[in-house]
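> What shape does this take:
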Amino acid sequence: LCWLLLLAPVVLKGATPPTPTDPFIISTDTATFGTRVSQQIPAIARVGTRWYCIWYGVNKGEAGMSGEGSGCYNILAMSDDSCKTWTEIAYFVPNPAVAAQSVIDPRLTATPEGALLILIPVSGQKGRQRSVWSVLLKNPLAKKDEPFVYGPPAFVDFGFVGSTALIGGQIYFTAN
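You can find the predicted model right below:
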């Protein structure tokens, strides 16, 4: 119990509660987001026989030297051949209407119901605290001629998402 109290967020009486960042937007624009100068922090998950990988990258700056910062975005790719080849299917990018956002360090979890849960931290928006957002890929086993269907982004919590765990049919999150 003592540890739980130490880890619980505290808002002082009279203090303004934190404001989350705006969520990312989902794009399929490979012309803009298909080429990057840097890529980092991958996560992988399997739904049925299909594999998914997600990571963040940035398409501005010096090749191999530009890392986390303004303009980073997530790349979601899938493989139907046991990870021999990958096809990029979506990009989770900062909302262009909001300045100085960064979409970083994502996580993936296959849900017991068969959807793919995508967890994405968004940071760098002036006056707002880093926030973890989620989106469900509702049909991760869509056939090649079917479009992927995503739910709307949903605010999860403040901080930074860690690895998820599936225990007894329930998904548990870690965050800092």
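> Look up phi and psi at Phe92.
The phi and psi torsions at Phe92 (degrees, to the nearest 10) take the values phi -100, psi 110.
> Can you get me a residue count around it?
Using other C-beta atoms under 10 Å, Phe92 has 25 neighbouring residues. For the C-beta atoms, the positions are set from N, CA and C on the backbone; glycine is no exception.
> and what of Tyr52?
Tyr52, neighbours per other C-beta under 10 Å, totals 21.
> And Ala100, by the same measure?
12.
> Ok, the one 5 residues further on next?
When neighbours are counted by other C-beta under 10 Å, Asp105 registers 23.
> That one contacts Ser163, doesn't it?
No: between Asp105 and Ser163 there is no contact under C-beta atoms under 8 Å: 11.1 Å.
> Residue nearest the middle of the protein, spatially speaking?
Of all residues in the chain, the one closest to the mean position by C-alpha atoms, centre = their mean is Ile120, 2.4 Å from it.
> Looking at Ala97 now. What's its pLDDT?
Listed pLDDT for Ala97 reads 87.
> what's the closest non-adjacent residue to it?
Distances taken as C-beta to C-beta, 6 or more residues apart in numbering put Asp22 closest to Ala97, at 8.0 Å, once the chain neighbours are dropped.
> now the end-to-end length of stretch 61-77.
Stretch 61-77 has an end-to-end distance of 23 Å (C-alpha to C-alpha, to the nearest Å).
> Off-centre distance for that stretch?
Stretch 61-77 sits 14 Å away from the centroid of its parent chain (C-alpha atoms, centre = their mean, to the nearest Å).
> average pLDDT across that stretch?
Mean predicted confidence for stretch 61-77 is 80.
> Residues contacting stretch 17-28, please?
11, 33, 73-74, 89-98, 101, 103, 120, 122-125, 127-131, 133, 135, 150, 153, 155, 158 (C-beta atoms under 8 Å, 6 or more residues apart in numbering).
> Narrow those residues to just the buried residues.
Those of the contacts of stretch 17-28 that meet the buried threshold are 33, 73-74, 89-95, 98, 101, 103, 120, 122-125, 128, 130-131, 133, 135, 150, 153, 158, by 16 or more other C-beta atoms under 10 Å.
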